[in-house]
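Student: let's see this in three dimensions:
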Amino acid sequence: MIATTANESMNFFTSTLKNQGFNAVEYGFLFAIPYAITAVIMILNSWHSDKTHERRGHVAAVYLLSGTSLILSVLLKQNFWLSYALMCLAIPGPFAAMAPFWSNTSETLPRSVFGVVVGVVNAFGNLGGFGVFLVLLGITGVQFTADPTVVTRNPDIDIVCELIGGIEPARTLVLDAIAHGKHVVTADKALLAEHGNEIFAAAHAKGVMVAFEGAVAGGVPIIKALREGLTANRIEWIAGIINGTSNFILSTMRESGASFETALKEAQARGYAEADPTFDVDGIDAAHKLTIMSAIAFGVPMQFDKAYAEGISKLTREDLRYAEQLGYRIKLLGITRRAPNGIELRVHPTLIPAKRLIANVEGAMNAVLVKGDAVGSTLYYGAGAGAEPTASAVIADLVDVTRMHTADPEHRVPHLAFQPDQLTDVPFLPMGDVETSYYLRMRVLDQPGVLADITRILADREISIDAMIQKEPTEGEDQTDIILLTHKSIEHRVVDAIERIEGLPTVRGTVVRIRLEDLG
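Tutor: Below you'll find the model as predicted:
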């Protein structure tokens, strides 16, 4: 038996119906009654007078009754039956009020017939929704509960599917389910990135599985690929576009020349970005996912606190345009790499050669590029978010757990691909010790010697230049942009050079720094 918990607690009517002792069938019929009233009102309404002033008065009266009833139904929660009766008045109002308008729009059907059709279709459409759904659940014996521990502690339940998101109460419920011998399927990347070590240790001790394909890249099966498909490889590095919101914003900025603010508003309008997009645009969401992949790839414990995260909110149209001119595209990349002196774990805007497949991933899509010592580079592409892609991953996990739940725990694939006693304590590199290439853009006075001063500062820190663009100043201006691409250099040296360059009297404002990866 599979149980799913959700963080949205049952609303007032759900809780009250439960307290009143209603079963799911009775609940379904109670939910359907307001829509049955809607059908009756609309059928009767189809014979309403078509005089304009009467119709307007009718609409105003019905909306007033509906709105008042809805408000009172919320305010009078202490009396369930009174509140329910008012809800029955509130729900049909808007539909009933518009019936005369809808009926008059038909040129092929008589107004009365059209009104009847609209009323019946609307009513049965709603009846065929949640009400009938609840009736079917009641017939099939599925139970609703507002208490998640009823699920996590039920001896008849084998697998608990946690899709709450965030840390609490998800962590408490997952650990409770594990403590009671349940396998867990989750898509909660924040929970695993920050508390995965605790959860996996508890699961190992109880001999149960925790499956989490949906936690990274939505419907893209990257976790299974890393844990099983690439098991013959020593993973060298992973680079991924693992946040669809940020990728959509950057694609919009590049294609239309929109500013970050404008592109973000479009992403929100399309449902790709939350009202508070901080986790997405600041790289935190991507860092959660990258932490999980890094642990699997390199056999290390989850260490989200070691991840470096830098977002896209400071990127400008100018930088995307200059990158294009140099043959690159800018993407928010999550990168984890096995370096000689530790593991890199970083999320930041990155210039990628436009010829790379991953550079051409647009919109809200995700892509993960994995480099193995035997197989070379492999790319995994697909929808990284949304109800159906995530559901695809969750169902795949449910199938895997169902197939393996009777197997000896020692014969299962370990949660992080390595047996717990084989995880290593390889250090994670601080960002200042990371070696990569850089894009630098600076606003300077158009006068002799400026470029020489800048290159001298870079040379003193063993930073060599790979390419350069120096724009001609527009007519009447004495300032221009210089854009430099560097060869690989240690981050702290570049940071020091930027501080010195910004201190030159010929340099205006701050130097823009964006990291560059070849991904070859």
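
Student: residues in contact with stretch 169-187?
Tutor: 5, 7, 148-149, 151-153, 157-165, 188, 191-192, 195, 198-199, 202-203, 206, 208-215, 390, 393-394, 397-398, 401, 405 (CB atoms under 8 Å, 6 or more residues apart in numbering). Bear in mind the C-beta positions are built from the backbone N, C-alpha and C, glycine included.

Student: okay, which residue is most central for this protein?
Tutor: The chain has residue 385 as the residue nearest its centroid, 5.4 Å off, counting by CA atoms, centre = their mean.

Student: hmm, residue 391 and it touching each other?
Tutor: No - the criterion here is CB atoms under 8 Å, and residue 385 misses it with residue 391 at 11.5 Å.

Student: just to revisit the earlier point, which of the contacts of stretch 169-187 are buried?
Tutor: 5, 148, 151-153, 157-164, 188, 191-192, 195, 199, 202-203, 206, 208-215, 390, 393-394, 397-398, 401 (16 or more other CB atoms under 10 Å).

Student: just the ones in strands from those, please.
Tutor: Secondary structure defined by DSSP state E assigns 5, 159-162, 210-211 of the buried ones among the contacts of stretch 169-187 to strands.

Student: how about these in TSV, adding distance to residue 349 and pLDDT?
Tutor: Output for these, formatted as TSV (distance: CB to CB, whole Å; pLDDT from 0 to 100):
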residue	distance to residue 349	pLDDT
5	37	34
159	40	93
160	38	94
161	35	93
162	32	93
210	33	94
211	32	93
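
Student: out of those, which is nearest to residue 306?
Tutor: residue 210 (21.8 Å; CB to CB).

Student: which ones are touching that closest one?
Tutor: 174, 178, 183-186, 199-200, 203, 415 are the contacts of residue 210 under CB under 8 Å, 6+ apart.

Student: how does it look with 10 Å?
Tutor: 162, 174, 177-178, 183-186, 192, 196, 199-200, 202-204, 397, 401, 415 (CB atoms under 10 Å, 6 or more residues apart in numbering).

Student: pretty sure the residue nearest to the centre of the chain contacts residue 218?
Tutor: Yes - with contact defined as CB atoms under 10 Å, residue 385 counts as touching residue 218 (4.9 Å).

Student: what's the overlap in contacts for these two?
Tutor: In contact with both residue 385 and residue 218: 242, 244, 364-366, using CB under 10 Å, 6+ apart.

Student: in strands only, show me those.
Tutor: Per DSSP E, these map to strands at 365-366.

Student: could I get the shared contacts of residue 385 and residue 218 as a markdown table with neighbour count, distance to residue 453 and pLDDT?
Tutor: Formatted as a markdown table, the shared contacts of residue 385 and residue 218 follow (neighbours: other CB atoms under 10 Å; distance: CB to CB, whole Å; pLDDT from 0 to 100):
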| residue | neighbour count | distance to residue 453 | pLDDT |
| --- | --- | --- | --- |
| 242 | 32 | 40 | 96 |
| 244 | 25 | 42 | 92 |
| 364 | 23 | 43 | 89 |
| 365 | 19 | 43 | 93 |
| 366 | 26 | 43 | 95 |
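
Student: where does pLDDT dip in the stretch 301-450 of the chain?
Tutor: 417 (pLDDT under 70).

Student: show me where it has strands.
Tutor: 308-309, 328-339, 342-353, 365-372, 376-383, 435-445 (DSSP state E, counting those that start in this stretch).

Student: nearest to residue 229, of those strands?
Tutor: So among the strands of the stretch 301-450 of the chain, strand 376-383 is nearest, using CB to CB, at 8.5 Å.

Student: list the buried residues of that closest one.
Tutor: For strand 376-383, by 16+ other CB under 10 Å, it's 377, 380-383.

Student: same deal with stretch 508-520?
Tutor: Quick answer for stretch 508-520 (16+ other CB under 10 Å): 511-517, 519.

Student: including distance to residue 373, could the shared contacts of residue 385 and residue 218 go into CSV?
Tutor: Below are the shared contacts of residue 385 and residue 218 laid out as CSV (distance: CB to CB, whole Å):
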residue, distance to residue 373
242, 23
244, 30
364, 32
365, 28
366, 24
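
Student: from the shared contacts of residue 385 and residue 218, which two are the most distant?
Tutor: Maximum distance among the shared contacts of residue 385 and residue 218 (CB to CB): 11.7 Å, for 242 and 364.

Student: walk me through the domains of the chain.
Tutor: 9-140, 226-385+411-422, 436-516 (automatic domain parsing).

Student: low-confidence ranges, the stretch 51-200 of the chain, go.
Tutor: In the stretch 51-200 of the chain, residues with pLDDT under 70: 51-142.

Student: if we take the shared contacts of residue 385 and residue 218, which one ends up nearest to residue 432?
Tutor: Set against residue 432, the nearest of the shared contacts of residue 385 and residue 218 by CB to CB is residue 242 (23.9 Å).

Student: test my guess that the closest one contacts residue 284.
Tutor: No - the pair residue 242 / residue 284 is not scored as a contact, 11.7 Å apart, by CB under 10 Å.

Student: which neighbours do these two have in common?
Tutor: By the contact definition CB under 10 Å, 6+ apart, residue 242 and residue 284 are jointly contacted by residue 347.

Student: quick revisit: phi, psi for the residue nearest to the centre of the chain please.
Tutor: When quoted as degrees, to the nearest 10, the phi and psi of residue 385 stand at phi -160, psi 170.

Student: quick check: it vs residue 413, distance?
Tutor: 25 Å (CB to CB, to the nearest Å).

Student: in TSV, list the ones in strands among the buried ones among the contacts of stretch 169-187 along with distance to residue 248.
Tutor: Compiled in TSV, those are given as follows (distance: CB to CB, whole Å):
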residue	distance to residue 248
5	30
159	34
160	33
161	28
162	27
210	31
211	28
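
Student: of those residues, just say which sits nearest to residue 314.
Tutor: residue 162 (35.2 Å).
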